[in-house]
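# Fold the following and give me the result.
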Amino acid sequence: MYYVYIITNKNKTVLYVGVTNDIKRRIYEHKNKLVDGFSKKYNLDTLVYYEYTSDITSAIEREKQIKGWIRAKKEKLITDFNENWDDLIIW
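Below you'll find the model as predicted:
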């Protein structure tokens, strides 16, 4: 399975869209700041949205699609899936 996901910080001021084949590992890395980059720099550690597919090409295309959206559209996607923007802890 391949996952497209969105994470944010505690104040919900920054959104990051990513893709992975191992969402548990990837979210663990984000939460524990194990990989240098955008999510570590902006303290992004709250999983607020995800979807999955069995096709990597579809996952990458979807990631690019969502990344191209304006923030309001991303916020609606998140809210429709996770009304309170709760941390969707996956263990």
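
# Just the helices from this protein, written as ranges.
Ranges of helices in the chain, per DSSP state H, are 23-31, 38-41, 56-67, 71-81.

# can you redo these as JSON lines with mean pLDDT and distance to residue 7?
C-beta: built from backbone N, CA, C; applies to glycine. Converted to JSON lines, these look like this (pLDDT from 0 to 100; distance: least, Cβ to Cβ, whole Å):
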{"stretch": "helix 23-31", "mean pLDDT": "96", "distance to residue 7": "6"}
{"stretch": "helix 38-41", "mean pLDDT": "95", "distance to residue 7": "6"}
{"stretch": "helix 56-67", "mean pLDDT": "98", "distance to residue 7": "12"}
{"stretch": "helix 71-81", "mean pLDDT": "98", "distance to residue 7": "10"}
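
# nearest to residue 90, of those?
Among the helices of the chain, helix 23-31 comes nearest to residue 90, with 5.4 Å by Cβ to Cβ.

# re the thing from before, nearest to residue 14, out of the helices of the chain?
Here helix 38-41 is closest among those (Cβ to Cβ), at 8.5 Å.

# So which elements touch that closest one?
Judged by 3 or more Cβ pairs under 8 Å, 6 or more residues apart in numbering; DSSP states H and E, the packing partners of helix 38-41 are strand 15-20.
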